[in-house]
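*Asks:* fold the following for me, if possible:
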Amino acid sequence: MIKNVLEDYRVLMRSIPAPTVTCFVLSVVLMNLLANKELVSLPWLALDCGFTLSWVSFLCQDMICKRFGPKASVKVSILALLVNLAVSALFWLVSLAPGMWGAYYDTGSLDVNAALNATIGGSWYVVAGSSLAMLCSSFVNSHVNQFIGHLTDNGTFATFALRSYVSTGVGQIVDNLVFAIVVSHVFFGWTWLQVITCSLTGAAAELLCEVVLSPIGFRVASGWARDGVGEEYVRTHVAELKARA
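*Replies:* This is a model prediction of the structure:
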């Protein structure tokens, strides 16, 4: 069983173009690091700087889902999650090192050095909450995308946009809501009104970013199908991929 899963992963990793997987993984790692700085903080809208990259992972998921199916999208999400956890562990170990950050020599302040260690090291509940949120949203996004594609996809940009926008909107709500409940409500003292309002408005803002660049995602995914990219994986998952264009 495990051998078959690992072999399926190897085939999938050989099938999906490396730049897409790289962008996906990097966006997940970097958005969790950038999440340490707030971008907008209002009673009805809360965005951190991770917002600038969060839409990238959803666009990559939609592209992968169109060509390779929802299970493939979830598998790549799990890979990105594991890499992010490994990077988070590395950052935490680095934060424990006794040396000084470069900013210390600019300011001469131990408080600056301590603040950088705290930022890079992160908090366990933030890492755990973001990981859980990503896992839940990835599953929801991929399967909603495939369900809508099964009903409507005829290979045009309009149907790609429909399945992508709806699935991303729902997925982003799930992502924001899970994180807000697990982390913001429990550890930061958010009210339930803030949890709901910020989750919805944040998802709307993140969806808007994907809308702008979704034509590029459509062209790339259509090019994969046209050029036969990933045929090895597609052939072994034909039943799952009937909905794709």
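*Asks:* pull the contacting residues for S184.
*Replies:* By CB atoms under 8 Å, 6 or more residues apart in numbering, S184 lies in contact with A46, W190, Q194, V195, C198. Where you see a C-beta, it was placed from the backbone N, CA and C, and this is true even at glycine.
*Asks:* look up the closest residue to the second one, ignoring the ones flanking it.
*Replies:* Take W190 and drop its neighbours on the chain: the residue closest to it by CB to CB, 6 or more residues apart in numbering is S184, 4.3 Å away.
*Asks:* which residues of the protein fall in helices?
*Replies:* Assigned helices in the chain, in chain order: 2-15, 18-34, 51-68, 70-96, 102-107, 110-121, 124-152, 157-179, 186-187, 192-227, 231-236 (criterion: DSSP state H).
*Asks:* tell me how far the residue nearest to the spatial centre of the chain lies from L110.
*Replies:* Residue closest to the mean C-alpha point of the chain, counted by CA atoms, centre = their mean, is S57 at 3.9 Å. Look at S57 and L110: by CB to CB, to the nearest Å, they are 36 Å apart.
*Asks:* list the contacts of the closest residue to the residue nearest to the centre of the chain other than its chain neighbours.
*Replies:* Sequence neighbours aside, S27 is the residue nearest to S57 in space, at 4.7 Å (criterion: CB to CB, 6+ apart). Contacts here follow CB under 8 Å, 6+ apart; on that basis S27 touches L53, S54, V56, S57, C60.
*Asks:* do the same with A161
*Replies:* Going by CB under 8 Å, 6+ apart, the list of residues near A161 reads V211, S214, F218.
*Asks:* return the residue of the chain that is most distant from the centre.
*Replies:* Here the chain reaches farthest from its C-alpha mean at G108, the gap being 37.3 Å by CA atoms, centre = their mean.
*Asks:* how about low-confidence regions in this protein?
*Replies:* Within the chain, the set of residues satisfying pLDDT under 70 comprises 238-245.
*Asks:* now with 50?
*Replies:* Scanning the chain for pLDDT under 50 picks out 243-245.
*Asks:* re earlier: pick the most buried one from the helices of the chain.
*Replies:* helix 51-68 (a mean of 25; mean count of other CB atoms under 10 Å).
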